[in-house]
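> no sequence on this one, just coordinates:
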């Protein structure tokens, strides 16, 4: 018996229908590339610096006690399950070098990131109001995931996700997707593909969180900030589903939390927002990480727009020697699916 090396690779792609595993992922064998949904994780998270945190379980139904004891024999197997898993990665634009005048197509995300945004309920299209790709809430289909780890091949179907993006000044924006799995298809023993091509995920740096021009009425920097997209999922019985049940999103809450510096021009701003009784008194939160696309440079920037943030809590803070507050905002919208825009530009 011999030890062997730890290996892991993770990728995501959208599905054409519920209950239908992505055929591109199903065809991955000896090589895998970014175009096939392969993603490079955050080395400061997960197992083996992969960004992946995963537990595989057994869904079961216990048998009755054996006569005259409290002993039970092998339980009835229902299914293999991965109730959820986490994958952390730098949140960044397409990283494609813009060949000429910037165009919408230059900002099209690599397929794995696009799939994770779809899993969180967002869909992208040409921006329209500028050059880039704009993601807003919609009702996209679930996605498929493929995970190789140490000689195992795990296929996960009908996945949906929540997403938390942590912005650390002087560092990178790191997103963590918590993926809710609909069903686990038959796992197999399989070697890691011999060729893993992460393309620009490996060769182009994500932008640093600096000079982001964070604005909430006034231009107010933050010491830390997290944007959270938190769908609620419910499980429903379905005899025709691969696992006998389906998971569906039944609610959604989008939040911004963090510590912001106060501005001398509006010292009591947080208190006025706590007392807001009209959406007309809510001020947009906006900031941009990275510079907008220019000819000959990689497309890495993204902008966050929250048109109507409602302040839930505020607590005074001392940030260095300056006044600030720790806040929690829940994002609202005047029309359906309008509470958040992510623009890759």
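On my side now, so go ahead. The shown structure was predicted, so the numbers you read here are calculated from the model rather than taken from an experiment. Numbering: from 1, shown residues only.
> Look at residue 112 and give its secondary structure.
Three states are possible here, and by DSSP: H, G, I helix; E, B strand; the rest coil the one that applies to residue 112 is helix.
> any idea how far residue 2 is from the nearest residue to it once chain neighbours are set aside?
Closest residue in space to residue 112, ignoring its immediate chain neighbours: residue 39 at 4.0 Å, by Cβ to Cβ, 6 or more residues apart in numbering. Using the backbone N, CA and C atoms, a C-beta is placed for each residue, glycine as well. Using Cβ to Cβ, to the nearest Å, one gets 30 Å for the distance from residue 39 to residue 2.
> from memory residue 128 sits against residue 134, does it?
Yes: taking contacts as Cβ atoms under 8 Å, residue 128 lies within contact range of residue 134: 7.0 Å.
> quick revisit: of residue 39 and residue 2, who's got more company?
Looking at residue 39 and residue 2 with other Cβ atoms under 10 Å, you find the greater number of neighbours at residue 39, namely 23 against 3.
> Would you confirm that the more buried one contacts residue 89?
Yes: judged on Cβ under 8 Å, residue 39 makes contact with residue 89 at a distance of 5.8 Å.
> Now do the shared contacts for those two.
51, 113 (Cβ atoms under 8 Å, 6 or more residues apart in numbering).
> now the helix or strand of the chain with the lowest mean pLDDT, how far from the chain's geometric center?
Ranked by mean pLDDT, DSSP states H and E, the helix or strand of the chain with the weakest confidence is strand 76-81, at a mean of 76. Distance of strand 76-81 from the chain centroid (Cα atoms, centre = their mean, to the nearest Å) equals 28 Å.
> Then stretch 22-31?
22 Å.
> Need the mean per-residue confidence for it.
Rounded to a whole number, the mean pLDDT of stretch 22-31 is 96.
> Also stretch 174-187?
Mean per-residue pLDDT for stretch 174-187: 93.
> Going by neighbour count, list what's buried in that stretch.
By neighbour count, and taking 16 or more other Cβ atoms under 10 Å as the criterion, the buried residues in stretch 174-187 are 174-185.
> Could you do stretch 214-233 as well?
Residues 214, 216, 220-229, 231 are the ones in stretch 214-233 that count as buried (16+ other Cβ under 10 Å).
> Ok, stretch 310-319 next?
Burial within stretch 310-319, assessed by neighbour count using 16+ other Cβ under 10 Å, is assigned to 310-311, 314, 317, 319.
> ok, residue 200 - contacts?
By Cβ under 8 Å, 6+ apart, the contact set of residue 200 is 34, 94-96, 110, 298.
> now those as CSV including distance to residue 49 and secondary structure?
Shown next, in CSV, are these (distance: Cβ to Cβ, whole Å; DSSP: H, G, I helix; E, B strand; the rest coil):
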residue, distance to residue 49, secondary structure
34, 19, helix
94, 24, coil
95, 20, coil
96, 26, coil
110, 20, coil
298, 24, strand
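> Pairing partners for residue 146 in the sheet, please.
For residue 146, the beta-bridge partners are residue 11, residue 155 (DSSP bridges).
> Quick check, it in contact with residue 154.
Yes: in this structure, residue 146 is within contact of residue 154 by Cβ under 8 Å, at 7.3 Å.
> all helices of this structure, in order?
Here the chain has its helices, by DSSP state H, at 23-26, 111-119, 200-203, 269-274.
> Residue 338 contacts residue 138, correct?
No: taking contacts as Cβ under 8 Å, residue 338 lies outside contact range of residue 138: 11.4 Å.
> Compare those two (neighbour count), which wins?
Neighbours around residue 338 and residue 138, counted as other Cβ under 10 Å, are more numerous at residue 338. The numbers are 16 against 13.
> what sits against the more buried one?
For residue 338, the residues meeting the contact criterion (Cβ under 8 Å, 6+ apart) are 136-137, 307.
> try 7 Å this time
Contact partners of residue 338, counting by Cβ atoms under 7 Å, 6 or more residues apart in numbering, are residue 307.
> Next, find the distance separating it from residue 196.
Using Cβ to Cβ, one gets 39 Å for the distance from residue 338 to residue 196.
> Could you do residue 88 as well?
Between residue 88 and residue 196 the distance, using Cβ to Cβ, works out to 18 Å.
> Which one's more surrounded, these two?
When neighbours are counted by other Cβ under 10 Å, residue 88 comes out ahead of the other of residue 88 and residue 196, with 22 against 17.
> Against residue 170, how distant is that one?
Using Cβ to Cβ, one obtains 18 Å as the distance from residue 88 to residue 170.
> ditto for residue 33
From residue 33 across to residue 170, the span is 32 Å (Cβ to Cβ).
> Can you pick out the residue with more neighbours from those two?
For residue 33 and residue 170, the more surrounded residue by other Cβ under 10 Å is residue 33, and the numbers stand at 17 against 7.
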